[in-house]
Each structure stands twice: as structure tokens, then as C-alpha cells.
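Peer 1: Give the three-dimensional model of this entry:
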Amino acid sequence: MFIHQLEKRFPNQLELVQENNFNNQISFQNLDDFAANLSQDENLLASYQNEKNKTNEKFEELWSVISNELKKRNQDSLKKFSEKEFLRVLSKFKKYNLDSDKKEQIEQFTSNLIMNKLGQDDFDQSFDIMHKDLTQSSVFEIFEFINRDKTDFKQIEPRPIEDRVHNEYKKKFQKIIAQIYDIEKTKLISSHIQLSNLEIQLKWISITDLENYFKNKAIIDLTKFCENKDKREATLQFFDLFKIFGYRFNTDKFDEFQDLVIAKKEKTILDYLIYQEIPFKKYYLNNQNELNFLDRLSISPQTTTIKASEELNERTNFIIDKKIIYNQNTVVMFQKDKIEKDYKLFDLIMDFKNDWKDIYKKIYRIIEQEFRANETQFHINMIQIIMDKVEKQIDQFNQCFFQYGAILGNVGQKIFYNFAIFIFWRYLCYQRYQQYIKYENEELSLLKKEKFDKFIADIQHDQSMQSLLNGKAISKLIIDQSIKQHQINLINDAYKELDQLVNDRKMQSYYLIDDLDDKLFNQKEKQNSYIQTQKYIDNPVKFIEDEVTLRTGNMRQQFVEQYTQKLRENVDKDLSLILSKLSKIQGQAIENQKATEFFIQLINPQDAPKILYQIVMKYLVGNLSKEDLDNIQDKFKSIFQISNDQCKIAEQFLQAKDQRINILSDFVSGFIIEVKEQIQQLKVSNKFIEQYIQKIRYNLIGCRECCPTCKRKCDIDISEVNHKHQCRNEHVIRGMAGILVEQEPSLYSCKEIKNDYLVLEFDSSDRSIYMGDIRNMFKDWDIQERCSDKKINDKFNVIWNNIGKDYCYYRFGRDGRSFTFNEKQSNFKENQQSYHYVVLLDDSGSMSGDRFNQAQNGILSFLQQAQQNQNIRVTIIIFNSTARCVVDCSPINMQTIKNVLLCNGGGTSFQSAFQLAYEKLQAVRNFDQFNKHIIFFYTDGEDSYPTQALEQFARMPNSQRMKIDLIACCLDKQQKTMIDITDFFNRYCSLGKLQHSMQPSEIGEAWTKQIRIIKV
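Peer 2: Residues are numbered from 1 along each chain as shown. Below you'll find the model as predicted:
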């Protein structure tokens, strides 16, 4: 009953239990038959007994038959296993299943690949088998439907593509492939598209819509279409339009149609149409012009919007238009003008088979690497981990295709999932094949030696050797029986224990990350070097994968050792009584004493070995009776003392009619030797726990998504489907992730960053993205800003203050990057950096009156905001045909500034303004102590390029120039001189930025935005 339940719950477990019974799978009857038949011919027997080579050759001949039979049996078994295993793999991931006939592909894999060595040839053959799916399906979903030239009611004939055009698009496709291979290297947040934000707008017609149309309104359209035309020809032409939907007009009943439908209206058009399901999705993409006629008919397509990850049933619905909708506020870096839309590419892309091979190889490598890393533990339950990786890879494909105006659609993605399923299945089958090879090479070689010794003993009639080998054989069978019985019980115990581990909440990614934080960030308990700490921060998924592999490997080893010990103890307990009884026999049995010598008298002396075997087995089992010993000579009866001690031996060994003991002492010796050897070699296979180990591994690795702003891995339980990603163990401080802001490690964690802060990109000192845009891009992440009055990230504040300085010396110091370390407090406020603002304001005649008053108010408003930072100093230069400094590198004093902002009128001299600005910057004694010197410039007029002044700026030391920014505003649009000036500051200094068409009233708000920018 229990075995039946075990089979039902774990269909492969009894197979694992019986794995060691390799001997039982093979028939050696031909060896026994030959030896038995040979005994009937004395002359032939003598020739084999005297000629060793002849005996050896005969054995090899007979063994070859056995070996070939085994190989054929293994091949048949492998094929059955493969077919069964494919269904198991497929059943685990129905959502990834590509709706296609896989029979031919399965046959090609089982015939050509499963027994082949892994390598490049394996991938090449796999690709050749599987890539056909690409040409039989519609792979891409495009952003805007392709508008081709209209062709009235004619099928588009494919035209040859010029070699030049073909090569042009081939290069473009290869560019996409290069991006796919490079995407893993880039760390730019702004290069990522959150594809979960994409939606698809569909226009579609259902079969029901068409049938209702044919029943009710089609006759009106047909009548109109046939006006002033030949009725038959026009009618057939009209219905030809609907072939793309699978409808065909029954031309044999045209006259009846005219009578009963057109004239009498007793039947409907639908009664004369024949429907046959066709691959519309593939067909309509190549014949889009034929759908233009729908605009002229009395049929209205339906519209709906679905997530890009969803799909519409295209067997019952005909999709006639698709458009991908994406939120321009969400996909910041890929506005429509940034996308390299070229839809012709997606018409031609399927022709480039060898280039697609490079894309397929990315999927293949995922399974190959997983197999190489876990070859001995490769298990069907690993498919979930692999599919998670494949899903990430497909997302990367779409990141690149997106830039050209399309993504892999539902079918396109399933093509790659399907390929992954086949490769995973192929590796499972190859692993099973390797097991067969191992058994053939190892177990069969041992069996060959054992059977050769028996073959020689049978031919030589060596009763001593026969008895010894028979004792070993019986011993092995009894041990196998004991192992099988106890393994079943132990497997059940192990499953109960492993069930608890799988369901243990602490066997989740959250608790693993918490534990790793303690080990890698705790100064007192630090068990790893900063090398490990940085790896953990920079690539947490890889680090955690490796850690989980190590931990589950230890867990696997502990279970194997634990249950091997239990199995040995249980089997040893079963065999201890047997060994005790056999030891007594061994102590009293006379060496080389034949079976016939034990008996008083037998009717047929040749039965003595069989009877002796029965007596020994009954003695071991404990049901030996006095009657069994009646025919035993008195001097030997003491060997078989009647005892009620019962040994666990199956009934099959008692009932065996063909077993015999020729020489008791040798039989017992062989039995005892084999027991000791088997117990020593006994080991539990790890396969029976592997499905649980893989579940634990999957749970511990958890969600593979990482926070876009700190790289921290999501620690929500992977079992929570469609969860919102979080870092419940808190987000790491960005400085620890390698971000330096003005040579200071960023002290911000993700939830402390306000939406209008600029987030510096990883591995890029000059690129940044607003936090608000990141939050819009990554809506599936919980990284919303927290209230400032709450304590945020206390865990990493403590970590930073404990190990931050040493860690920064390691991280930045080894790269030669200088930094200034600051501690972080729980009530963390934004760092107030030191700035020197240099305001250059035009007070020429054209600025007098309202313009200057508006500019004055704007500057005062701007400086009012700026004075919140006590580390700001301001210089104000007012210029016309000359320039004067009214405030010289001083703290902001609003009243003083208001009093000196006066308009004198005059001409406009950019040379005077920038010359004085240069002189004032040179006069700053503590120039390097300021983080930035920002020149704010405004003019409503024009002037020549200030060559002499800017040349002096160009001669300043590079370290000083890199601290100077220019924020220029002018009233005119596209003023060439101002464009050239800002270009100069972009080339020679840190930044040059121009805002044209700026009214004086607007400069306050424009400059205030600049001082609000906080980089983190």
C-alpha cells in the first residue's frame, strides 16, 4: 500500500530505490546454458578445461551478446524516458508552451541529439531543428502599424529585395545583436525600458462578428459592390476578399445563391460560405493591404487594450491592427523621436538565419551554464530557476528591439521559451544517457568479472569457487532486499524533514539576505574581505546564487551522510544476526567438505547441494525443524542449532529451487566477505532529495530583480506572484554602491531621494536621471519617497558609520579615486555643498525700466532661495559698455544686494563682463574649497564674441576650469554669440548651458531650478 502511495506521489522514487539493482536488469542465462550444455560432451568439455584461451574467447563471444542486448534495452528505455520526461517538463510550464506540433522536433532530438556529446555541434543541430518556428509565426509586435501603399482587392506579390538593401538591413540586425550582447555590461538606469508598462491596442473582428455580418449586413455591401459589374465575376471577387479569414464561397451553388439569397432572401450568405481555420496571424501580416477593404464595409471592428504580456485568442478573433502604447512620461529616454523606427527591418529580419543563431545562443548558454555548474545534480525542478533566467534574457532582447519600434510579442517570446524547454529536456535526457554509460562502464565491468569467474568455475567444475561465488551472489541479493526496504522508509522520513525545510519561512531570500548583511557588513563579526562585500553590493543576484549553491550543496551532503548512516545502521541491524549465525557455521564447518558428506543417506546424492541450501536458509530464517535435520549426520547437527532467532530474508530465497551449496565453508566465506564489502560501500543516492533541494534553492535565490538606484536585490518571497518588488532588508547607501558626488560618497538611500533630485548613473560620472522619472519607469518597485520625519535606513546608517570609511578606502582607493568621508546620522539632511555664484546682469539702455525691474526681482527671488544654504557666496557684476562689481564673493545679504542692483544704461560689452568675472574668480583665495563656481548670465542684447576674456579662462588650470559652470539666458532666440560662448564653457569648463527666448521676469524661476538640483 505504501509503495503504491509512493509511486503516486513521487513517480520516479522507486526507480531511484532500484537503481543499484543493475544485476536484475540483465539476463545471464546464455552463460549458464553454455556451461550446462558443455557438461554433456566430455570431449568438448575437456578441450575448454585445458585451453584457457578458448574459454576466454567463448566468454567474450557470449558476453558481447549480453552487452548488445543491454545497449539496445538502454536505448529503448532512454527513448521511453525521453518521451515521458518531455511531457513532465511541458506540464510544469504550460504558460510558456508554444501552440505548435512538436512531434517532429521531439523525434529529431531523440534520434540525433540525446546521445551526442555537448558542445558547439549540439547547439548547431538544436538551432537547425528549432529555428523553423521563427518562419511559421508572427514574432514581433510593432509600435505603429505598417502603412503600405493601398492595392484594391489584390494580393501583394512578394518582390525581390536588392542585395544592397538586404545587406543594409543585415547590418542593422547585427547592430541589434551587438547591443543584446553588450546590454549586460551597461549599468545605466536610463537605458532600461520597463516593458511591464507597455500596453497593446488591438483592433479585431471575431468569428461571431463575421458570421453576424454574413447573416445580416453583407448582402447590402455585396449589392453595392456589384453595381454596374458582371454579377458572377463581381460576386466571386467580393467573396475572395474574405479568404484571409478562412471563408470560401461555394461556387458550385452560385445560381442557387442568386435565387435564394439575392432574389428571395430565404437564406443568408453564411449558408453558402465554407469555413476552414487558417493561420490568419501569419497570413495577414504579409497581406495587410487586403484588410483595407474593411473600411468600406458595414462591419465595425472591436477595439481593446491589453498588457503587452497578455494575448487575445487568435483562433476565434482576427486581429487587423495592433499598436503598442507606451507612456512617454514613463519611458523617459526613448521618446518617439529617439526610436530608430524602421518597420521594413521587421519584414526582412526573418531571412537572416545565421544572425538569429547568435540570439538563440544566449538562451542555449543559460541552460548549458546551469548544467555545467550542477551536472551531477541536474534535475527537472531546476527548470523554474532556468526559466527565470530565460525571462530576464528575453527582457534584454526586447530592451534592444524596443529601440527600433518593436518587441517580441507573446508568440515571439514563447518561441524562445519553447527552445529553452527543448534544450533543458535534451540535457535531462543526456544526463540519463550518461548514467547508462556509467553503469555500462562501471557496474557492467564488475559484473563481467564476477560472471567470468563463475563461467570459469562452472566449466572447470570448481565446486569451491562455485560455492564462494554463490555465497556472494545470495548475500548481495539479500542485502539489496534490505536496502530497498529501508530506503523506502528512509525516503519517506527524509521527505517529511525536507517538506518542513521547504515550507520554513527562514528558507526564503529575505532571511538569507539578512544573514549575509550580518556577515558582510558587521565590523565585529566580519567573516569576509571587502572583495566579497563589493561583489555582494555590485552583483547581488550572482553572489546570492553562488552562496545558495554552496549552502544547498552542504545541505545535500549532510542529508546524504545522515541517511547513509541511518541506512547502514538499519541494514547492519538486519544482517548482524545473519552474520552471527554464519560465523558459527564458519567456525565449525570443515574446509572443502562437500555437500554429500553432510547427509546419512540420500536417494539421489546429486540433490545434496540443493537440500543443504534449503537447510542453511531455514536455519538463517529461524524456522528449521528437527525433521529437516533427520538426514544430517550427528556430528554435523551442532552446526545447525535450532533457534527461534529470525533473520529478515524474503520468501523468494527460501523457495529458490535452483540454488545449491556444494561446499558449505566456501559458501559461508563468500557470503560474509560480500556483506562486509557491501556495508562499507553503502551510500544513499542524493537523487531522492534533489527535487526538494532545488525547491529550497529556488526559494533562497528568490526574485532576481534588483533596485535600479542601489542594485539591492528584491527580497519578497518568490511564491508571491506578481508581487511589488521591495527591499525589506533596507536599501544600501548609494556611496557603498560606488557613487561619488563631488568626491564625496553619496549618503542617500533610495527612499530618501526626492523626485526632483538627479540620480547619478552607475559607472558614469556625467549622466544622471531624475528620481521621479525612475519611479515612473519602475512602477513595479516600492521605492516611493518616505516622509522626512521618519527614521530611514537606520540599519545602513549604522553600517556606514562602522565600516564605511574602511570600505571606501578599499573601493575608491584601489581605483585611484579620491574621496572625502562623512558620517551619516539617522536624522539625515541634504549635504549643503559650498557654491560661489557669479551673477552677470546686463544693465544697458535696452534693459532700463520694466525689464531691469523684472530682472532685479527675479535675482532677489533666486538669491532668497539660495541663502538657505549658508555655504553659498555671491559675486554680482553689472555690465553695459563697461562692467562693475557691486558684491564681491560675500555671504548673501538681501538688503545690501537690493540696494546695489541699479540700472545705469549704456551699451553692451560681453568682453567687459567676462573679463571682470575672470578677475574676480582668480581673486578668490579659497577657490578649491568651493564645490562649484557657477556663472549666471543674462542679457537682452547682442555683442561680439569675448575672445580675450575667454582665452584667459582657457589658460586656467584644468582643476579650476572643471569647477566652473555657465548658466546663460538671453532674450533673443538662437543668438549666435551666446551659442558660441556656451559651447566654449562646455569644451573648456565643466558645463555650458543656454536658455534662449528668456524674458527678464523668468530668470528668477529658471535660476532657482538650477540651485535646487541635488545630485545623489
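Peer 1: Would you confirm that Ser881 contacts Gln911?
Peer 2: No: counting by C-beta atoms under 8 Å, Ser881 does not reach Gln911; the two are 10.0 Å apart. (Each C-beta comes from the backbone N, C-alpha and C, glycine too.)
Peer 1: Look at those two and report which has more neighbours.
Peer 2: Between Ser881 and Gln911, Gln911 has the larger neighbour count (other C-beta atoms under 10 Å), namely 18 against 15.
Peer 1: Now the more buried one. Nearest residue, chain neighbours left out?
Peer 2: In space, and not counting its chain neighbours, Gln911 is closest to Pro946: 4.1 Å by C-beta to C-beta, 6 or more residues apart in numbering.
Peer 1: give the contact list for the one you found.
Peer 2: The neighbours of Pro946, taking C-beta atoms under 8 Å, 6 or more residues apart in numbering as the test, are 910-911, 913-915, 981.
Peer 1: ok, so what distance separates Glu752 from Arg734?
Peer 2: According to C-beta to C-beta, to the nearest Å, Glu752 and Arg734 sit 10 Å apart.
Peer 1: go on, Ile474?
Peer 2: Here Ile474 is placed at a distance of 72 Å from Arg734 (C-beta to C-beta).
Peer 1: Pick out whichever of the two has more residues nearby.
Peer 2: Each of Ile474 and Arg734 has its neighbours counted (other C-beta under 10 Å); Arg734 has more, 25 against 22.
Peer 1: hang on, that one packs against Gly804?
Peer 2: No: using C-beta under 8 Å, Arg734 is not in contact with Gly804, being 11.9 Å away.
Peer 1: overlap in contacts of the two?
Peer 2: With C-beta under 8 Å, 6+ apart as the test, Arg734 and Gly804 both reach Pro745.
Peer 1: what secondary structure does Lys751 sit in?
Peer 2: Three-state call for Lys751 (DSSP: H, G, I helix; E, B strand; the rest coil): helix.
Peer 1: Let me know the pLDDT of it.
Peer 2: For Lys751, the pLDDT comes out at 87.
Peer 1: Also Phe424?
Peer 2: Per-residue confidence (pLDDT) for Phe424: 91.
Peer 1: is it fair to say it lies in a strand?
Peer 2: No: under the criterion used here (three-state DSSP), Phe424 is helix, not part of a strand.
Peer 1: count of residues packed around it?
Peer 2: 24.
Peer 1: How about Tyr748?
Peer 2: Tyr748: 29 neighbours (other C-beta under 10 Å).
Peer 1: Quick check: it is in a strand.
Peer 2: No: Tyr748: not assigned to a strand; according to three-state DSSP it is coil.
Peer 1: Confirm for me that it is in contact with His731.
Peer 2: No: counting by C-beta under 8 Å, Tyr748 stays clear of His731, with 9.2 Å between them.
Peer 1: So which elements touch the lengthiest helix in the chain?
Peer 2: When the chain is parsed with DSSP state H, its longest helix is helix 540-588. Where contact means 3 or more C-beta pairs under 8 Å, 6 or more residues apart in numbering; DSSP states H and E, helix 540-588 is packed against helix 463-502, helix 509-521, helix 530-538, helix 608-621, helix 664-681, helix 687-701.
Peer 1: Kindly recompute the last result at 6 Å.
Peer 2: helix 463-502, helix 664-681, helix 687-701 (3 or more C-beta pairs under 6 Å, 6 or more residues apart in numbering; DSSP states H and E).
Peer 1: Return the most buried member of these.
Peer 2: Highest mean neighbour count of these: helix 687-701, a mean of 22 (counted as mean count of other C-beta atoms under 10 Å).
Peer 1: Who are the contact partners of the most centrally placed residue in the chain?
Peer 2: The structure's the chain has its C-alpha centroid closest to Lys389; by C-alpha atoms, centre = their mean the separation is 0.4 Å. Residues near Lys389 by C-beta atoms under 6 Å, 6 or more residues apart in numbering: Ile366.
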